[in-house]
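Asks: Sequence first, then the predicted structure, then my questions.
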Amino acid sequence: QVQLVESGGGSVQAGGSLRLSCQTSAYTYCMGWFRQTPGKEREGVALISRYGGTFYADFVKGRFTISRDNAKNALYLQMNILKAEDTAVYYCAAGDDCTWRPQRYTYWGQGTQVTVSS
């Protein structure tokens, strides 16, 4: 059974940093980080292909860095210069296509809360 388990969320002040990790048993071409706040649709934050190609949402470019360690089956999201509007539940996802459409991802983690206070 495929599992994705996130860790590393928490509370931080604006301008601070957090690093999210996702341990996965999925062997897929693309992995990504999505986030969701109450009443809003889940949105893509960053994607990475198996061969290292990366894609970022405009609102995190220059602040967040996605990486993966295929040998360890792990996905990471380094988040710097955090803003209050980054507050959300962050999910890791795995799928066969690198797309911003969450419905195209087959496997999801349970989510980890990130709270940024201003």
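Replies: It's in. This one's a predicted model, so the numbers in the text were calculated from it and none came from an experiment.

Asks: residues making contact with the helix or strand containing residue 68?
Replies: Using DSSP states H and E, residue 68 maps to strand 64-69. Strand 64-69 is contacted by residues 31-33, 45-48, 50, 52, 54, 56, 74-80 when judged by Cβ atoms under 8 Å, 6 or more residues apart in numbering. Every C-beta, even on glycine, is put in place using the N, C-alpha and C of the backbone.

Asks: From these, which land in strands?
Replies: With DSSP state E as the criterion, strands contain 31-33, 45-48, 54, 56, 74-79 from among the contacts of strand 64-69.

Asks: related to what we said a few turns ago, paired strands for the strand holding residue 68, with orientation please.
Replies: Sheet partners assigned to strand 64-69 using DSSP bridges are listed as strand 74-79 (antiparallel).

Asks: Show me which of the ones in strands among the contacts of strand 64-69 is closest to residue 117.
Replies: The shortest distance between residue 117 and any of the ones in strands among the contacts of strand 64-69, using Cβ to Cβ, involves residue 79 and amounts to 14.5 Å.

Asks: Residue 103 falls within a helix, correct?
Replies: Yes: assessed with DSSP: H, G, I helix; E, B strand; the rest coil, residue 103 lies in a helix.

Asks: what sits against the most centrally placed residue in the chain?
Replies: Centroid-nearest residue in the chain, with Cα atoms, centre = their mean: residue 33, separated by 2.2 Å. With contact taken as Cβ under 8 Å, 6+ apart, residue 33 is in contact with 20, 22, 44-47, 66, 75, 77, 90-93.

Asks: ok, now with 7 Å
Replies: Taking Cβ atoms under 7 Å, 6 or more residues apart in numbering as the criterion, residue 33 is in contact with 20, 45, 46, 66, 77, 90, 92.

Asks: Please consider this matter closed, and thank you.
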